[in-house]
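**Q** output the structure for:
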Amino acid sequence: MGKRANGEGTIYKKKPGLWCGIVTVGRDTSTGKLVRKTVYGKTKLEAQEKKTALLEKSRGGLAFIDADKLTVGQWIEKWLTTYAKNRVRQNTYESYDSVARLHIIPVLGSIRLQKLQTNQIQGMVNTIAEKYVRTARYAFTVLRMAMKQALQEDLIFKNPSLAVSLPELPDKEVRKRTPDEWERLFVEAKIAGIYLQVLLVWATGMRREEILGLRWSDVNFGTAVISIANVVIVTKDGPKFAAPKSKSGYRQIPIPKQIISTLRRHKKEQAAKKLEAENWTNNDLVVCDDIGGPLDPRNFSKAFSEVAKSAKVTCTFHDLRHDHATRLFAGGWHPKDVQDRLGHANISMTMDIYTHHIPERQNGIAAWLGKNIPPAVKKR
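**A** Below you'll find the predicted structure:
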């Protein structure tokens, strides 16, 4: 048997059902020492295939990390900059980075990546959940994505996040606002100058970012249809334009003819302001600031909070999106139609959030059954 070529590596059986392959992928430029990487497989063939693929990569001149020394914190930072940053929108990346630096790295960052255990992740989740359940779940989601990537790169043999138990989210009240509550909201919104935004969420259930990113080119006055193709997001650099987060976000929403009339009047009023402005930025936005720029979503939410407070209605702007959905369900509209209108990625999301909050639908079923009781039952 001939001698293995330099860097070819070796394969051995570590225990039943686990084979290891060790490959030399280069030298540490700071110490001059050889850098070796270990791959794992459930069979000898699987380990051989991974070892071969790793050798091909190393011959292509790619830089490798010494997985034995890599900490969770170092991997999270690499994952954020190398993988997450180019895959998601800027505001999503910033939220990943924030939750990692505030909640994940301070707790797990110093642990060797290959030594990270399920109980350590569970401890982090439990500690955060004592105060913030949603943050705990979000921090876990970010960590899980990073660990999945580490597993794909053979930096770890198994993913310790798979067995973690997450805290249940508390049920949030989802209800229709009364006609009187809506009337008060519209009155106060008109005074505050955000009447159109409130009217649009009432009529469409659009997200805040979608309303602020709506362009006149997306409004078909002839067919009374609004197309969602652009949003305004919150970033560290201020409001920015972006595409909808998912394919389901791109959609067309038919609206009442009365809303089209309101939009026509608003467009005329905006045209007059445009003539008076000295430095108008032509972004073609339906709602904008005094010089045509996008409204900051955070400032808009604050403005709406003041409107709701003045109207004596307890709700956020996002609650009005929920309100739209509950009104549709109460009106008997099919869940698939509601899903399409809201832009949910799947119908299970629509059903989970809304249907169990509408007891009148069950009352309607009982009434219908009562009208269709068989004669034999009526006689008893």
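
**Q** CA atoms for contacts and neighbours, from now on please.
**A** OK.

**Q** now the strands for the stretch 101-250 of the chain?
**A** Remark: strands assigned in the stretch 101-250 of the chain by DSSP state E, counting those that start in this stretch are 219-220, 225-228, 231-233, 240-242.

**Q** list the buried residues in the longest one.
**A** So that's strand 225-228. The neighbour-count check on strand 225-228 (16 or more other C-alpha atoms under 10 Å) flags 225-228 as buried.

**Q** export that strand to PDB, keeping only CA atoms.
**A** Extracted in PDB, the C-alpha atoms of strand 225-228 (Å, rounded to 0.1, in the frame of the first residue of the first chain):
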ATOM      1  CA  VAL A 225     -56.700  47.600  -7.100                       C
ATOM      2  CA  ILE A 226     -53.600  48.300  -5.100                       C
ATOM      3  CA  SER A 227     -50.400  46.300  -5.800                       C
ATOM      4  CA  ILE A 228     -47.900  45.700  -3.000                       C
END
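
**Q** and it, what other elements does it pack with?
**A** strand 219-220, strand 251-254 (3 or more C-alpha pairs under 8 Å, 6 or more residues apart in numbering; DSSP states H and E).

**Q** so what touches that strand?
**A** Strand 225-228 is contacted from outside by 210, 214, 218-220, 244, 249-255, using C-alpha atoms under 8 Å, 6 or more residues apart in numbering.

**Q** got the strands of the stretch 101-250 of the chain as a markdown table, with mean pLDDT columns?
**A** A markdown table is the format used below for those (pLDDT from 0 to 100):
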| stretch | mean pLDDT |
| --- | --- |
| strand 219-220 | 96 |
| strand 225-228 | 96 |
| strand 231-233 | 96 |
| strand 240-242 | 94 |
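
**Q** which of those strands sits closest to Glu183?
**A** With C-alpha to C-alpha as the criterion, Glu183 lies closest to strand 225-228 of the strands of the stretch 101-250 of the chain, at 24.0 Å.

**Q** given the closest one, what are its sheet partners and their directions?
**A** strand 219-220 (antiparallel), strand 251-254 (antiparallel) (DSSP bridges).

**Q** nearest to Gln122, of the helices and strands packed on strand 225-228?
**A** Evaluated with C-alpha to C-alpha, these place strand 251-254 nearest to Gln122, the distance being 39.0 Å.

**Q** which SSE is immediately downstream of the closest one?
**A** On the C-terminal side of strand 251-254, the closest following helix or strand by DSSP states H and E is helix 257-276.

**Q** so which bits of that following helix are buried?
**A** 260, 263, 267, 270, 274.

**Q** kindly report the same for stretch 213-220.
**A** In stretch 213-220, counting by 16+ other C-alpha under 10 Å, buried: 213-216, 218-219.

**Q** on that earlier part again, closest to Ala146 among the buried residues of strand 225-228?
**A** Ile228 (31.3 Å).

**Q** please tell me how far the closest one sits from Lys245.
**A** Distance of Ile228 to Lys245, given as C-alpha to C-alpha, to the nearest Å: 11 Å.

**Q** nearest to Val88, out of the strands of the stretch 101-250 of the chain?
**A** Of all the strands of the stretch 101-250 of the chain, it is strand 240-242 that lies closest to Val88, at 10.6 Å by C-alpha to C-alpha.

**Q** does Ile11 belong to a helix, a strand or coil?
**A** For Ile11, the assignment made with DSSP: H, G, I helix; E, B strand; the rest coil gives strand.

**Q** you'd agree it is up against Gly21?
**A** Yes: with contact defined as C-alpha atoms under 8 Å, Ile11 reaches Gly21; the gap is 4.2 Å.

**Q** joint contacts of these two?
**A** Common contacts of Ile11 and Gly21, defined by C-alpha under 8 Å, 6+ apart, comprise 47-48.

**Q** ok so, going back, JSON lines please, covering the helices and strands packed on strand 225-228 and showing distance to Gly17.
**A** Output for the helices and strands packed on strand 225-228, formatted as JSON lines (distance: least, C-alpha to C-alpha, whole Å):
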{"stretch": "strand 219-220", "distance to Gly17": "60"}
{"stretch": "strand 251-254", "distance to Gly17": "49"}
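
**Q** and those strands: which comes nearest Gly331?
**A** Across the helices and strands packed on strand 225-228, closest to Gly331 is strand 251-254 (C-alpha to C-alpha), at 16.6 Å.

**Q** so what touches that closest one?
**A** The contact list for strand 251-254 (C-alpha under 8 Å, 6+ apart) reads 204, 223-229, 340-341, 343.

**Q** quick check: the farthest pair among the residues you listed?
**A** Within these, two members stand farthest from each other by C-alpha to C-alpha: Thr223 and Gly343, at 20.0 Å.

**Q** comparing these two, which residue is more hemmed in?
**A** Between Thr223 and Gly343, counted using other C-alpha atoms under 10 Å, Gly343 has the larger neighbour count: 24 against 11.

**Q** ok, now which ones touch that one?
**A** Counting by C-alpha under 8 Å, 6+ apart, Gly343 touches 248-251.

**Q** quick check, Lys336 in contact with Ile347.
**A** Yes: contact criterion C-alpha under 8 Å: Lys336 and Ile347 qualify, at 6.5 Å.

**Q** which strands or helices does the biggest strand by length in the chain pack on?
**A** Assignment by DSSP state E gives strand 18-27 as the longest strand of the chain. On a contact count with 3+ C-alpha pairs under 8 Å, 6+ apart, strand 18-27 meets strand 10-15, strand 34-41, helix 44-59.
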